[in-house]
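> Sharing a model that was predicted from the sequence below.
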Amino acid sequence: MTWGITSPVTGAAMTGLTTPTYTHVADTAPDVNGKQVAVTALGGTQTGVTAHSVSSPFTITFWKQKVLKVLGKTNPVTGLLPSVPMNQYKVQTRKGVLPLAGQPAAVMDIQTVIRVPVGADAADPLSVRAALSAHIGALNQQSAGVGDTATSGVM
């Protein structure tokens, strides 16, 4: 699998946004272990929302760790692994937002961190996929609620 989201991205249902879409172009990630896109145009009704600029970024980045871990040897007496390391992946969205009218943008940072026990990719890939499917599905299903909570503080 490769990280290669297609443009435009259809946004999830959210209070105050009507059929939001996000057109993006490939961008240079801050480091070699990331792939990044910059949102260059908005579709649907998103009054007051801005696309990417230097002073108000709107980027989506997928990260993997620079060196992926592998399983060590099992204990010769017990046959058990002494520890199970984790490989980590992260999806990060950065968006310039106004903290107060007339002020410069401050950067909002959203991160989903995925920590996969080493070996599960080969021994139990369907469970790894199921966990990701449920996680992304829950975020998508509760998109408007997450947005409401992030703007009202009420859960």
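Nice, I can see it.

> How about the residue positioned nearest the centre of the chain: what's its closest non-neighbour residue?
Closest residue to the average C-alpha location of the chain: Val91 at 2.7 Å, with C-alpha atoms, centre = their mean. Computed as C-beta to C-beta, 6 or more residues apart in numbering, the closest residue to Val91 that is not its neighbour in sequence is Thr112, at 4.7 Å. From N, CA and C alone the C-beta is placed, and that goes for glycine too.

> now swap in Gly43 and tell me
Distances taken as C-beta to C-beta, 6+ apart place Thr21 nearest to Gly43, at 3.4 Å, with adjacent residues excluded.

> pull the CA atoms of the host helix or strand of that neighbour into CSV?
For Thr21, the host element (DSSP states H and E) is strand 18-27. The C-alpha trace of strand 18-27 is given here as CSV (Å, rounded to 0.1, in the frame of the first residue of the first chain):
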residue,chain,number,x,y,z
THR,A,18,-22.2,22.0,2.7
THR,A,19,-20.7,19.3,0.6
PRO,A,20,-17.1,20.3,1.4
THR,A,21,-14.3,19.3,-1.0
TYR,A,22,-10.6,19.9,-0.8
THR,A,23,-8.5,20.0,-3.9
HIS,A,24,-4.9,19.4,-3.2
VAL,A,25,-1.5,19.2,-4.8
ALA,A,26,1.6,17.2,-3.9
ASP,A,27,3.8,19.2,-1.5
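
> Now do the buried residues in that strand.
Across strand 18-27, burial judged by 16 or more other C-beta atoms under 10 Å covers 20-22, 24, 27.

> Show me which pair in those residues is furthest apart.
Using C-beta to C-beta, these span at most 19.8 Å, a distance reached by Pro20 and Asp27.

> that older thread, model confidence for the residue nearest to Val91, exactly?
We have a pLDDT of 96 for Thr112.

> Now do the helix or strand hosting it: everything it contacts.
Secondary-structure element containing Thr112, defined by DSSP H and E: strand 106-117. Around strand 106-117, the neighbours that count as contacts under C-beta atoms under 8 Å, 6 or more residues apart in numbering are 57, 84-99, 128, 132, 135, 139.
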